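[1] got a predicted structure plus its sequence, pasted below:
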Amino acid sequence: MKHLLLATGCIAMLTACGGGSGSIGAGSSGSADSVGSGGSAKSSGGSSSFGSKRTEEQQPADVTPADTRAFVTLLKSARSDKNNSGTIIRVIGEMDRIGYYNLDLVLADDPTSDTITYQARAAAPAIGRAPITPRSRIVALGAFIPTSYRPNVRTIVIQGLQNTLHIKR
């Protein structure tokens, strides 16, 4: 009995690791359930050593999902601070309620344009509350533009929901 269990275990291991080498499994599904079944519908019949070859669809690298975050309601001020390695953009905005998170200046730039364009975006809360004080509606956003990124462009545009701000680089 001990030898029978040992032999069965070895056969199952050979089938799982063999991957279609012509031994007991004859398929390349990589599971012990397919012993003698000739493989599964998912296998490609290749001779890989660790299971079946599966082709998976991959998205092209240049496709990015659309940003579904809301625009910042009102842009109050924007300024740029230069340093040795680039420009820091600082934006102050105002939201209609509190609880927004994941605030970001999203680059929505057209390389043929003579401006660098950002969109002020924020993720809306599931349950937004009315602001307790006017100051609680204020949000701050920022971005960094390296000196090497389109160095000849001097105008930066920040888009909000109700207004757009222009600053010089």
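    Perfect, I can see it now. Numbers count the residues shown, from 1 in each chain.
[2] what segments of this protein are helices?
    Counting by DSSP state H, the segments of the chain that form helices are 2-18.
[3] could you list the buried residues of stretch 94-107?
    For stretch 94-107, burial by neighbour count (16 or more other C-beta atoms under 10 Å) applies to 94, 95, 98, 100, 103, 104, 105, 106. C-beta here means a position set from N, CA and C on the backbone, and glycine is covered the same way.
[4] burial count for the residue lying closest to the first one once chain neighbours are set aside?
    In space, and not counting its chain neighbours, residue 94 is closest to residue 74: 4.5 Å by C-beta to C-beta, 6 or more residues apart in numbering. For residue 74, the neighbour count with other C-beta atoms under 10 Å is 16.
[5] separation between residue 74 and residue 114?
    Residue 74 sits 26 Å away from residue 114, going by C-beta to C-beta, to the nearest Å.
[6] try residue 168
    13 Å.
[7] give the buried residues for stretch 132-151.
    137, 139, 141, 143, 145, 150.
[8] what mean pLDDT does it have?
    Stretch 132-151 comes out with an average pLDDT of 92.
[9] what's in contact with that stretch?
    Defining contact as C-beta atoms under 8 Å, 6 or more residues apart in numbering, one finds that stretch 132-151 is touched by 72, 76, 84-98, 100, 103-105, 107, 111, 116, 118, 120, 122, 131, 156, 169.
[10] 7 Å instead, please
    Stretch 132-151 has contacts (C-beta atoms under 7 Å, 6 or more residues apart in numbering) with 72, 85-95, 98, 100, 103-105, 116, 118, 120, 122, 131.
[11] before I go, just wanted to say thanks for your time.
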